[in-house]
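1. Got a predicted structure plus its sequence, pasted below:
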Protein chains: 2
Amino acid sequence: MKKSPLQKARATYSPKLPVVLTGAVEAVLGKPTESVANQDEIRELFPNTYGLPELHFEKKSSAARQANIADAPINVGVILSGGQAPGGHNVISGLFDGIKKIHRDSRLYGFLMGPGGFVDHKYKELTADYINEFRNTGGFDIIGSGRTKLETKEQFDKGLEILRQLNITALVIIGGDDSNTNAAILAEYYKAINAGVQVIGCPKTIDGDLKNDVIETSFGFDTATKVYSEVIGNIQRDCNSAKKYWHFVKLMGRSASHIALECALQCQPNICIISEEVEAKNMTLQEVVNGIADVVAARAAKGDNYGTVLIPEGLIEFIPAVKSLIAELNDMLAARADEFAAVPAAEQRQWVISQLTPANAATYESLPAGVARQLTLDRDPHGNVQVSLIETEKLLSEMVAKRLKDMAAEGKFNGKFAAQHHFFGYEGRCADPSNFDADYCYGLGYTAANLIHAGVTGYMASLRKLTLPSVQWIPGGIPVTMMMNMERRHGAMKPVIQKALVKLDGAPFLKFASKREEWAMNTCYTYPGPIQYFGPAEVCDQPSMTLKLESQGL
Amino acid sequence: MKKSPLQKARATYSPKLPVVLTGAVEAVLGKPTESVANQDEIRELFPNTYGLPELHFEKKSSAARQANIADAPINVGVILSGGQAPGGHNVISGLFDGIKKIHRDSRLYGFLMGPGGFVDHKYKELTADYINEFRNTGGFDIIGSGRTKLETKEQFDKGLEILRQLNITALVIIGGDDSNTNAAILAEYYKAINAGVQVIGCPKTIDGDLKNDVIETSFGFDTATKVYSEVIGNIQRDCNSAKKYWHFVKLMGRSASHIALECALQCQPNICIISEEVEAKNMTLQEVVNGIADVVAARAAKGDNYGTVLIPEGLIEFIPAVKSLIAELNDMLAARADEFAAVPAAEQRQWVISQLTPANAATYESLPAGVARQLTLDRDPHGNVQVSLIETEKLLSEMVAKRLKDMAAEGKFNGKFAAQHHFFGYEGRCADPSNFDADYCYGLGYTAANLIHAGVTGYMASLRKLTLPSVQWIPGGIPVTMMMNMERRHGAMKPVIQKALVKLDGAPFLKFASKREEWAMNTCYTYPGPIQYFGPAEVCDQPSMTLKLESQGL
């Protein structure tokens, strides 16, 4: 690999480890825990791993240190699961250094291309030389990642074979809410059959929706939002220089709007849509569009025919009217596929409208022709409408343009409207981790090693007090069952980690809501610039605004 | 303006001024110059400013310094013309500091929103406090930019009124090749009528196509390509982690492929198309597509169903067959607009094909339906096909998918092909300038002040030896007429600065060409990471690969 100058310089960075972890530690147990909801069902499903205590690590007293000099080596397996997030390589480096500190003959095995490598026995021993190539770098290419779901007894048993073969007694699964849910199920299963294998999870996802009272943030969110904020800031500076375009920027994030909200707090755009608010207010697509058009018109009245709009990727599925339309389209087109196929192309739109219930017909009619056509024609192999194909940023700007035409006819808009479109996602998932994520991930991996050493299973590695300097962070472990509730998945109730959506009464949203009118009318753009790794601490070591505001509370 | 931590920290950066400019200077004149071509025509069009000598500055001897203590204040106007490029604010800061050093009562006026502000007498005096808000920042928002072309005597005379009113005796125009051409025409005009106003140009454009033997690079190219390389690198790391997508990345750059080439040299993608090569080899669109498909198939044969393709924005217009198709479509649809309008939608495609000459019909048939429809339906107000609407990155990936289907049927492709699309442009035009661009721009502005002080007109500010540390750069001035030739524009021959396309026998292209087969088959991605402002020199102070390779020559 030919390395860039930055790669070379960054390789020498030493993540700042919490002071507690710099010597021998002991686990301090808290009280038994309960799941966030559905306690009876979760307890029943996890008889061996429910109700475990939270734990945190403290420096070992010297007396205790004496007693423990004869640690044995441990063999550990690690899996990267799901979408990439900056810092995954540092979780693995921290885990490696942590188990090597416990015993220099400890070994780390990486399963290749995600959980599939575990089931199919594809792995690689991760040696010091190999790991050194990946310290402080973005990407998951150290062992690759994949989206295979670990769900079945067959998979668990198949995986156990390779664990036994390699004498692995602990498995670390780095993933999002679904992967950590499956890690907990695996932990419970191995405990139930007395397999002698611990399972530890690590909270990963750029979406920022794996967090709760005990997990302050998932890793990768910080870096990814900083990359998006960099390019949004650059676009805003362009917007404010040329003064002729409205930039519609869609941001990755499957359901929650944390990414869009964080970027809004960083960049102060004219408009940012928050899906959770659209749903809570039961807004129609047209109401979202009208809201944008009103800001465009109000700015135009001041002579400002430019601006920026941030749009969360998941928006469409949060609009109740669109959800209802899609549900009816799926049912209707499935039931009457042959009849639909026989309608001449030019008449399809009218035919669909005539078949829908009035409310859904109105929503369908409001869609631009291209999008409406896509919904009925480009369906997936199961015949379902493919929401993910909809280019929400273009859909909204087209509908805004149409709305502005109507407003102009009524004398309510007197300006110009030209749009540019952007979608940012892949740009941020594999960036070199910020100092925050580099430290956080290294610390999580190191903590996972200590959780293994403490002999626990079904825990997620945790670092708390994340707005303090990283040396002061508190390492520990959280029983995964504690974060669970029952939710309907594929028609059945399942135990899952509760996903964290944007809270409309949370500090980050309230801060945004208190500012957005000013940001809409005035041009208050802030330009965060690119992530800096070497500069002053106030530039390089800032956690996300979301984390800062949440830690301050209200 | 709420400033980000980076904005605040970066504001304190002192651009490294060439040592020569740190004291009093004297202009050393070279020999008279000739234009690069069409010498007789250019000489005739520029009787007062043709043939001027190149000049460079040297430190003034102490004797000469004595003689010049009674410099008078000068009032200078400045215009930002055309698209944004990182560093414009530093040109203006350097110019301001330069004229203030000549005399502390010198004044700088900025014309607002581009050349239009000059003609319409919209301006702002740029004071020290105001300028300090913009040092080392991206964007052109200090005074705004615009695309009005300064071409007519009426504009020149109208502008002269405001110059007289403000007692401005020198005008600095910061722009690309067209704007600098017009600056030269303005310089000639003011000289001819004895207006007493000097005109100085500055080479700006992220496209990198304003360069030649005497202007080593235009400002903004360095920063913009570094931003694009950052996000391309991040995407490549994602690509190499997930191993399931081909990423098609289109890069801004109206005609030349310098940006794509520089990003390829930085990131080592699997494929990079260079428009100038496609044109030189007289390739068809299908041949370009086949070339990509062959690489996809060859990588698939190794089990690598992923990769990256860089595409210059201007590609489509460099493909001779597409150029020919578009020309015929424009003529045909203009001549037979009513007839075409009467063709039923479902029959339009066939009708168009039946009307075209066979070669163009074949090109048209090879296009995906959506693009073909766009070419005939979404025409501009003059009825012309809008090439800029074509999403080349999607066009190519669709055609590659189709080609791979055919190859699979012939047993020549056995793999998966899924594509993601990106277009980067606005993300880089207003980034905070890299140290290179911050220094280069500040030095250009400072040099412009010295050119004004030297009493010359029709010159472009220049800094040479740009691969040396910035303190060693050689400041000077280049007569704009020297870069000119005659070209056909809107049906008439005009004197214009010769645009620099990618030279297929130049060092940057040859370097790329020598590596591309290896990059295609193996995965040699390099990850440049974000621009760093505070780190080690080997990270922060690197000029572009293009500049380094060109300075080494062959």
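-> Right, received. Where do you want to start? Numbering: from 1, shown residues only, chains lettered A, B, ... in the order given.

2. A:Gly370 - how many residues pack around it?
-> As a burial measure, A:Gly370 scores 14 neighbours (other C-beta atoms under 10 Å in any protein chain shown). Placement of C-beta: from N, CA and C, glycine included.

3. got the buried residues for whichever strand or helix holds A:Thr181?
-> Element membership of A:Thr181 [criterion: DSSP states H and E] is helix A:177-192. Neighbour counts over helix A:177-192 (16 or more other C-beta atoms under 10 Å in any protein chain shown) mark A:177-191 as buried.

4. cool, and stretch A:437-447?
-> A:437-447.

5. Is chain B within reach of the helix holding A:Thr181?
-> No - Helix A:177-192 does not reach chain B (C-beta under 8 Å from any C-beta of the partner chain); its nearest approach is 15.1 Å.

6. what's that helix packed up against?
-> Packing partners of helix A:177-192 (3 or more C-beta pairs under 8 Å, 6 or more residues apart in numbering or on different chains; DSSP states H and E): helix A:153-165, strand A:170-175, strand A:198-203, strand A:492-497.

7. what helices or strands is the second one leaning on?
-> For strand A:170-175, the packing partners by 3+ C-beta pairs under 8 Å, 6+ apart come out as strand A:75-80, helix A:88-102, helix A:177-192, strand A:198-203, helix A:435-453.

8. Work out the gap between the fourth one and the centre of the chain.
-> Looking back up the chat, that one is strand A:198-203. Per C-alpha atoms, centre = their mean, to the nearest Å, the displacement of strand A:198-203 from the mean C-alpha position of its chain is 17 Å.

9. helices or strands up against the helix or strand immediately after that strand in the chain?
-> Downstream of strand A:198-203, the first helix or strand assigned by DSSP H and E is helix A:221-242. The contact analysis (3+ C-beta pairs under 8 Å, 6+ apart) places helix A:221-242 against strand A:246-251, helix A:258-267, strand A:307-312, strand A:419-424, helix A:426-429, helix A:435-453, helix B:221-242, helix B:426-429.

10. Which stretch among the ones you listed approaches B:Phe534 most closely?
-> helix A:435-453 (12.5 Å; C-beta to C-beta).

11. Any part of that closest one near chain B?
-> No - on the criterion C-beta under 8 Å from any C-beta, helix A:435-453 is out of touch with chain B, staying 12.5 Å away.

12. would you put the C-alpha positions of that helix in CSV?
-> Taking C-alpha atoms only, helix A:435-453 is exported to CSV below (Å, rounded to 0.1, in the frame of the first residue of the first chain):
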residue,chain,number,x,y,z
ASN,A,435,-9.0,12.4,17.7
PHE,A,436,-12.3,11.8,19.6
ASP,A,437,-13.1,8.7,17.6
ALA,A,438,-9.5,7.5,17.6
ASP,A,439,-9.4,7.7,21.4
TYR,A,440,-12.9,6.5,21.9
CYS,A,441,-12.5,3.4,19.7
TYR,A,442,-9.1,2.5,21.1
GLY,A,443,-10.5,2.9,24.6
LEU,A,444,-13.5,0.7,23.7
GLY,A,445,-11.3,-2.0,22.4
TYR,A,446,-9.1,-1.8,25.5
THR,A,447,-12.2,-1.9,27.7
ALA,A,448,-13.5,-5.0,25.8
ALA,A,449,-10.2,-6.7,26.7
ASN,A,450,-10.7,-5.9,30.3
LEU,A,451,-14.3,-7.1,30.2
ILE,A,452,-13.0,-10.4,28.8
HIS,A,453,-10.5,-10.5,31.6
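
13. That one to helix A:221-242, inter-axis angle?
-> Between helix A:435-453 and helix A:221-242, the angle comes out at 170 degrees (axes from the mean of the first three to the mean of the last three C-alpha atoms, to 10 degrees).

14. Helix A:435-453 to strand A:75-80, inter-axis angle?
-> Using the same axes, to 10 degrees: helix A:435-453 against strand A:75-80 is 140 degrees.

15. Point out the other helices and strands that helix A:435-453 packs with.
-> Using 3+ C-beta pairs under 8 Å, 6+ apart, helix A:435-453 sits against strand A:25-32, helix A:88-102, strand A:170-175, strand A:198-203, helix A:221-242, strand A:459-464, strand A:474-479.

16. Determine how far the fifth one lies from the middle of the whole chain.
-> It stands for helix A:221-242. Centroid separation for helix A:221-242 versus its chain: 19 Å, with C-alpha atoms, centre = their mean.

17. before we move on, what about the third one?
-> For strand A:170-175, the distance from its own C-alpha centre to the chain's C-alpha centre is 17 Å (C-alpha atoms, centre = their mean).

18. swap in the second one?
-> Once both centres are worked out by C-alpha atoms, centre = their mean, helix A:88-102 turns out to sit 23 Å from its chain's centre.

19. The last one now?
-> Taking the mean C-alpha point of strand A:474-479 and that of its whole chain, the gap between them comes to 20 Å (C-alpha atoms, centre = their mean).

20. Repeat that for the first one.
-> Counting by C-alpha atoms, centre = their mean, strand A:25-32 is centred 29 Å from the centre of its parent chain.

21. Give me the angle between it and helix A:435-453.
-> Going by the same axes, to 10 degrees, strand A:25-32 makes 80 degrees with helix A:435-453.

22. Partner strands of strand A:25-32 and their direction?
-> Strand A:25-32 pairs in its sheet with strand A:53-59 (antiparallel), by DSSP bridges.

23. quick one: contacts of the partner strand?
-> Outside strand A:53-59, the residues that touch it by C-beta atoms under 8 Å, 6 or more residues apart in numbering or on different chains are A:19-21, A:23-33, A:214, A:447, A:450, A:454, A:456, A:459, A:464, A:474-479, A:482.

24. What of stretch A:121-133?
-> For stretch A:121-133, contacts defined as C-beta under 8 Å, 6+ apart pick out A:1, A:11, A:77-78, A:92-93, A:96, A:100, A:107-113, A:116-117, A:142-143, A:158, A:161-162, A:165-166.

25. Please apply the same query to stretch A:319-335.
-> Residues contacting stretch A:319-335 (C-beta under 8 Å, 6+ apart): A:278-279, A:282-285, A:288, A:316-317, A:340, A:352, A:355-357, A:359-360, A:363-364, A:375-376, A:379, A:383-385, A:387.

26. Off-centre distance for that stretch?
-> How far stretch A:319-335 lies from its chain's middle: 27 Å, per C-alpha atoms, centre = their mean.

27. Just the buried positions in it, please.
-> For stretch A:319-335, burial by neighbour count (16+ other C-beta under 10 Å) applies to A:319-322, A:325-326, A:328-330, A:332-333.

28. follow-up on the earlier one: turn the helices and strands packed on helix A:435-453 into CSV, including distance to B:Tyr527 and mean pLDDT.
-> Shown next, in CSV, are those (distance: least, C-beta to C-beta, whole Å; pLDDT from 0 to 100):
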stretch, distance to B:Tyr527, mean pLDDT
strand A:25-32, 35, 95
helix A:88-102, 12, 97
strand A:170-175, 21, 98
strand A:198-203, 23, 98
helix A:221-242, 13, 97
strand A:459-464, 27, 98
strand A:474-479, 30, 98
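
29. How confident was the prediction at A:Asn48?
-> If you check A:Asn48, the pLDDT there is 97.
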